[in-house]
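Undergrad: With the input below, show me the fold.
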Amino acid sequence: VENLNKWVQTCVGVTGNTNLSLAAGLYGYEFAIAGELLRDYGGWDRADFAAFQNWLLKVFYPANDDFLKRHHDTNALHYWANWCLCNIAAKMAIGIVTDRRDIYNEAIEHLQIGEGSGRMTNAIYHVFDGEYANLAQWQENGRDVGHTMLCQGLMGTICQLTWNQGDDFFGYNDNMYLKACEYNGRYLTAGLDVPYVPYTRVFKGNWGVAEEYYGKIADRNGSNGAGAVWALAYYHYAKIKGVDTEKCQYTKMGMDVSYPEGGGTGTGNSGSYDQLGFGTLMYSRE
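TA: Numbers count the residues shown, from 1 in each chain. Sure, this is the predicted structure:
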């Protein structure tokens, strides 16, 4: 509570180059969730909590909203999925902690039908059928491991936020999120081959619209997929939903190599320090 109050008293805006949108999204959702976890704590003065709510609405929400609507005047798919997902998560969490259903609904709408990379069916780019019917490919799988795992963590946070409000995006499109987790777990943790559908990123270049082609999945580069992104998914599907063991086997492998999930303070590139973490503590159940 003391830390949150100090931030409210000190931070008056999120500024800078286009990376301000990452800051507004990542730190916005983390602050909002921290506030929601503490909102009923008797040691947080109600006036200070109200100031915290207003701070989120003033400092973070406008930046989240602007990015998801304008994308810094680029085309809707210019930015990779993690940019949109963290801003969706921030909007959603801010809407919850400030009791603003309209803001929460804006996030839900973007997740379902938004034009950007954060739409669930854009962030999870392809759902396979046939032999690999239990796998789904992330938009960023052809880019690198770090950003892909960041997307898995952010999408898990989004699904949990909606679940707590009575909306089931864990089950969206026949458990599409689980299938995407299984894809990462099979490839990174089990070390097995996975199918891959090429992805072409269409973005705004210096002289108009440009394209980048990602024809193969990104190298593992020694990663086994460990990170604070597995417990939430595994315990929801295996314990709350009762999904068959076979359908969440690689997600369990990812959780096992990450046990116990500590805070999101690891080293490395994107994703290792952009999660709140402590999934083992938060989500474990018999």
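Undergrad: CA only for contacts and neighbour counts going forward, please
TA: Will do.
Undergrad: Secondary structure element holding the nearest residue to residue 120 once chain neighbours are set aside?
TA: Of all residues not flanking residue 120 in the chain, residue 111 sits nearest, at 5.5 Å (Cα to Cα, 6 or more residues apart in numbering). Residue 111 is located in helix 101-113, with elements delineated by DSSP states H and E.
Undergrad: Check residue 261 too.
TA: Assigned by DSSP H and E, residue 261 belongs to no helix or strand.
Undergrad: Hmm, residue 280 and it touching each other?
TA: Yes: in this structure, residue 261 is within contact of residue 280 by Cα atoms under 8 Å, at 5.4 Å.
Undergrad: all helices of the protein, in order?
TA: Under the criterion DSSP state H, helices of the chain are mapped to 2-10, 20-38, 46-55, 61-70, 81-97, 101-113, 120-123, 145-164, 172-184, 231-235, 249-258, 279-283.
Undergrad: Generate JSON lines for those, with distance to residue 130, mean neighbour count and mean pLDDT as supplementary columns.
TA: Output for the helices of the chain, formatted as JSON lines (distance: least, Cα to Cα, whole Å; neighbours: other Cα atoms under 10 Å; pLDDT from 0 to 100):
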{"stretch": "helix 2-10", "distance to residue 130": "49", "mean neighbour count": "13", "mean pLDDT": "98"}
{"stretch": "helix 20-38", "distance to residue 130": "36", "mean neighbour count": "21", "mean pLDDT": "97"}
{"stretch": "helix 46-55", "distance to residue 130": "48", "mean neighbour count": "16", "mean pLDDT": "98"}
{"stretch": "helix 61-70", "distance to residue 130": "35", "mean neighbour count": "20", "mean pLDDT": "98"}
{"stretch": "helix 81-97", "distance to residue 130": "26", "mean neighbour count": "29", "mean pLDDT": "98"}
{"stretch": "helix 101-113", "distance to residue 130": "25", "mean neighbour count": "18", "mean pLDDT": "98"}
{"stretch": "helix 120-123", "distance to residue 130": "19", "mean neighbour count": "22", "mean pLDDT": "98"}
{"stretch": "helix 145-164", "distance to residue 130": "23", "mean neighbour count": "23", "mean pLDDT": "96"}
{"stretch": "helix 172-184", "distance to residue 130": "13", "mean neighbour count": "22", "mean pLDDT": "98"}
{"stretch": "helix 231-235", "distance to residue 130": "23", "mean neighbour count": "26", "mean pLDDT": "98"}
{"stretch": "helix 249-258", "distance to residue 130": "18", "mean neighbour count": "22", "mean pLDDT": "97"}
{"stretch": "helix 279-283", "distance to residue 130": "32", "mean neighbour count": "17", "mean pLDDT": "96"}
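Undergrad: and of those helices, who's closest to residue 137?
TA: Among the helices of the chain, helix 172-184 comes nearest to residue 137, with 5.7 Å by Cα to Cα.
Undergrad: hmm, back to that, so what's in contact with residue 261 and residue 280 at the same time?
TA: By Cα atoms under 8 Å, 6 or more residues apart in numbering, residue 261 and residue 280 have these common neighbours: residue 231.
Undergrad: any idea how far residue 178 lies from residue 273?
TA: 22 Å (Cα to Cα, to the nearest Å).
Undergrad: Quick check: end-to-end length of stretch 186-199?
TA: Distance across stretch 186-199, first residue to last, is 20 Å (Cα to Cα).
Undergrad: Give me the average confidence score over it.
TA: Mean pLDDT, computed over stretch 186-199, is 98.
Undergrad: List the buried residues in it.
TA: Across stretch 186-199, burial judged by 16 or more other Cα atoms under 10 Å covers 186, 187, 188, 189, 190, 196, 197, 199.
Undergrad: Save these as TSV, and put in distance to residue 73 too.
TA: Below are those laid out as TSV (distance: Cα to Cα, whole Å):
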residue	distance to residue 73
186	37
187	36
188	35
189	38
190	41
196	31
197	28
199	22
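Undergrad: Sort out which of these are in strands and list them.
TA: residue 199 (DSSP state E).
Undergrad: which among the buried residues of stretch 186-199 gets closest to residue 104?
TA: For these, the nearest to residue 104 is residue 199 (30.3 Å; Cα to Cα).
Undergrad: these two touch, right, that closest one and residue 138?
TA: No: at 9.8 Å, residue 199 does not count as touching residue 138 under the criterion of Cα under 8 Å.
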